[in-house]
Each structure stands twice: as C-alpha cells, then as structure tokens.
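Trainee: build me a model from this:
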Amino acid sequence: IGEGVQVDEGKGGEFYKMAAMRGCAVSRYNLGAFECMKRNHANAYRHWLISAKMGYRNSFSSINIMLFEGKVTKGQHAEALKGYQDAIE
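Mentor: As a prediction, this is how the structure comes out:
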C-alpha cells in the first residue's frame, strides 16, 4: 500500500476477481482467503479447489487445513488432491 493513497477494498476485490477469472491462481487463492475470513467456507473451498487444480500448492494446503478442522469432507479433499496432483505432473 502506497503512502498517501486511499485504500479501496471493494475495488481491490474486483481486481482480484478479474485476475482470477483470467486464470491467476494466486488471485483465486486470495479470494478463497477473503471468503474464509468471512467464515464462508463453501466459497473458500470452491476458490481454493480451482486454484489447487491449477497447481497452486497454498490452495491445496488450505484445503488440508479445512479437512483437519472438519470444514470439508474427505470426498472434497480427495477431489482437490487429485486435481492438484494432475496439475503438477
């Protein structure tokens, strides 16, 4: 964040969405993190699943944590694992 610049979180979120829709795995991960902070775990999982299927390790790690916390099922975790493994091969 620059000095003397007003923060516009709404505009920032829109830029993340645009980048995610264009295939940016990091932006998709960040959208998942925002959803998780809002306790919207279903949306967080969806963002992280897409990003994990692009080979982004942090997204898969976040899904692992969600499994440990009981916020996703073993089936959802298995889907993420397969997608992540397919992407990195």
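Trainee: pull out the buried positions in the helix or strand bottoming out on mean pLDDT in the chain.
Mentor: Within the chain, no helix or strand scores below helix 9-21, which has a mean of 89 by mean pLDDT, DSSP states H and E. Neighbour-count burial for helix 9-21, counted by 16 or more other Cβ atoms under 10 Å, picks out 16, 19-20. Bear in mind the C-beta positions are built from the backbone N, C-alpha and C, glycine included.
Trainee: and that helix, what does it pack against?
Mentor: helix 25-37 (3 or more Cβ pairs under 8 Å, 6 or more residues apart in numbering; DSSP states H and E).
Trainee: and the helix it packs on, what's buried?
Mentor: 25, 27-36.
Trainee: out of these, which comes closest to Ile63?
Mentor: Taking Cβ to Cβ as the measure, Ile63 lies nearest Gly32 of those, at 9.0 Å.
Trainee: that closest one and Asn58 touch, don't they?
Mentor: No. At 9.4 Å, Gly32 and Asn58 do not qualify as touching, with contact defined as Cβ atoms under 8 Å.
Trainee: who touches both of the two?
Mentor: Ser51 (Cβ atoms under 8 Å, 6 or more residues apart in numbering).
Trainee: check which helix or strand covers Gly83.
Mentor: helix 74-88 (DSSP states H and E).
Trainee: hmm, who's touching that helix?
Mentor: Contacts for helix 74-88 (Cβ under 8 Å, 6+ apart): 45, 48-49, 52-55, 57, 59-60, 63-64, 66-67, 72.
Trainee: filter those down to just the buried residues.
Mentor: Buried among the contacts of helix 74-88 by 16+ other Cβ under 10 Å: 45, 48-49, 52-55, 59-60, 63, 66-67, 72.
Trainee: got the angle for the strand or helix carrying Ala44 vs helix 9-21?
Mentor: Assigned by DSSP H and E, Ala44 belongs to helix 41-52. Calculated by axes from the mean of the first three to the mean of the last three Cα atoms, to 10 degrees, helix 41-52 forms an angle of 50 degrees with helix 9-21.
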